[in-house]
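[1] Structure for the following, please:
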Amino acid sequence: MTGGSMDRLTDDILADIISRVPYKSTCCYKCVSTRYRDLITHPDHRAKMPQSLVGFFCESDDMARFPRKARYFINALAQGCPPLVDPSLSFLPKHKNLHILDGCNGLLLCCLRKGTHTDEILHYVVCNPSTEKWVVVPTTDWSSSAEVYLAFDPAVSSHFHVCELVDCDAWHDDDTGIIGDIAAVVIYSSKTGVWSHKANAWSGSSITIPSGAKSVFFRGELHLCAYDNQLIAIDVEENDWKVIPLPATVTVSYDIYLSHGQLHFAHIGFSELSIWVLEDPSSEIWTLKRNISHLQLFGTEYSAYAGDYSVISIHPEDNLIFIVVGHMQTLMSYEMDSMKRRIIRPLGSVSNRVRCIPYVPLFLESLADGH
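    Below you'll find the model as predicted:
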């Protein structure tokens, strides 16, 4: 299509065309003309445009600090600028007592606990920080002991699912099964407004998810790493599941990531960080994408970090890894192509790892049954 033909397109049609290209291409379109730039950034069209990672919601718990619990937002790329998102979530009722449990494609899953020193959950809240829309989700009998995850894909529906992974100790009253093994997955659908589970779906299985494991919602399935070199894929609509073997070289596995539209897995070895990609989920074959030596990752200046770090995210579009290192839990990034590292900021010395939840803005106004 020629430039003259494009000029004859209405703003709505042009915005619809641009919204279907990757995020990087959208950024390039801003440089084409002032019309394209204004079109992409206009509030009426911004909701349609692809967005990318802007930073991390972080929560920490430090007994030597007051207040003991803290929540803040760290910009991923805009270093030196004020937080791009208000981490207080002040638009929510009782926001000071809320805790962020998970995030998925622009939405956050939070919980309100009964008290400061109790795990009993009164209710969940699913919210969109960019639009300040939110909805309350009721709890189940297992909410206070379950591992909880959010599943949401705005490209498919404005509805979401909340998934509770309940282990045998909480599910059974007769000591049946092994403590830690998943006994049931209870799923809430915002479309139906009810919780449901499939009877005996996990009977005979021996699947244990590490506490606090990250998840990826991809192609209708919630993906989580399990012990024994396993990736679990849970179909949230059918409440069914399958196992995808992880690379044979992996000994301990915790987290899965989504980058370039493919599932990625990061394995921390004795002397290197390995990045694997599942190019075709149906084949269940992992391909080694990168081997990054600890010397490359940290250099001689930060070599002491080689034995004390964790990967918290891989950028959705770029070959960029985010890791937390050392006793001060310093957030840094590493660009795999240029092999450049960048110190972002220390998150603080605390007894437990700071929980960092990647955040990609979502400007869609609709949130199923939201306020």
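[2] which residues touch stretch 184-194?
    Around stretch 184-194, the neighbours that count as contacts under Cβ atoms under 8 Å, 6 or more residues apart in numbering are 126, 135, 137-138, 140, 142, 146, 157, 159-166, 171, 195-198, 201-202, 234, 236, 239, 241, 368-369. Every residue, glycine included, has its C-beta placed from N, CA and C.
[3] ok, which stretches of the stretch 251-371 of the chain are helices?
    294-298 (DSSP state H, counting those that start in this stretch).
[4] what residue ranges in it score low on pLDDT?
    251-254, 349-353, 368-371 (pLDDT under 70).
[5] go again using 80 as the cut-off
    Screening the stretch 251-371 of the chain residue by residue with the criterion pLDDT under 80, one finds the ranges 251-254, 348-354, 364-371.
[6] Of the contacts of stretch 184-194, which belong to helices?
    Trp171 (DSSP state H).
[7] Make a PyMOL selection of whichever of the contacts of stretch 184-194 turn out to be buried.
    With 16 or more other Cβ atoms under 10 Å as the criterion, this PyMOL line picks the buried residues out of those:
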select buried, resi 126+135+137+140+142+146+159+160+161+162+163+164+165+166+171+195+197+201+202+234+236+239+241+368
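[8] In strands, which of the contacts of stretch 184-194 fall?
    Assignment to strands by DSSP state E places the following of the contacts of stretch 184-194 there: 126, 135, 137, 160-166, 195-196, 234, 241.
[9] Can you name the two of the residues you listed that sit furthest apart?
    Greatest spatial distance among those (Cβ to Cβ): Val135 and Trp241, at 26.2 Å.
[10] give me the number of residues near Leu98?
    Leu98 is flanked by 20 other residues according to other Cβ atoms under 10 Å.
[11] Give me the pLDDT value at it.
    The score at Leu98 is 87. That number is its pLDDT.
[12] Phi first, then psi, for it.
    Backbone geometry at Leu98, expressed as degrees, to the nearest 10, gives phi -90, psi 150.
[13] Show me what the residue nearest to it when sequence neighbours are not counted bridges to in the sheet.
    Using Cβ to Cβ, 6 or more residues apart in numbering and skipping the chain neighbours, the partner closest in space to Leu98 is Cys110 (4.5 Å). For Cys110, the beta-bridge partners are Ile100, Val125 (DSSP bridges).
[14] Tell me where the stretch 201-350 of the chain has strands.
    Secondary structure of the stretch 201-350 of the chain (DSSP state E, counting those that start in this stretch): strands at 215-218, 221-226, 230-235, 240-245, 256-259, 262-268, 272-278, 287-293, 309-314, 320-325, 330-335, 340-346.
[15] Can you lay out these as a markdown table showing distance to Ala78?
    Output for the strands of the stretch 201-350 of the chain, formatted as a markdown table (distance: least, Cβ to Cβ, whole Å):
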| stretch | distance to Ala78 |
| --- | --- |
| strand 215-218 | 25 |
| strand 221-226 | 29 |
| strand 230-235 | 33 |
| strand 240-245 | 36 |
| strand 256-259 | 20 |
| strand 262-268 | 24 |
| strand 272-278 | 25 |
| strand 287-293 | 25 |
| strand 309-314 | 16 |
| strand 320-325 | 14 |
| strand 330-335 | 13 |
| strand 340-346 | 10 |
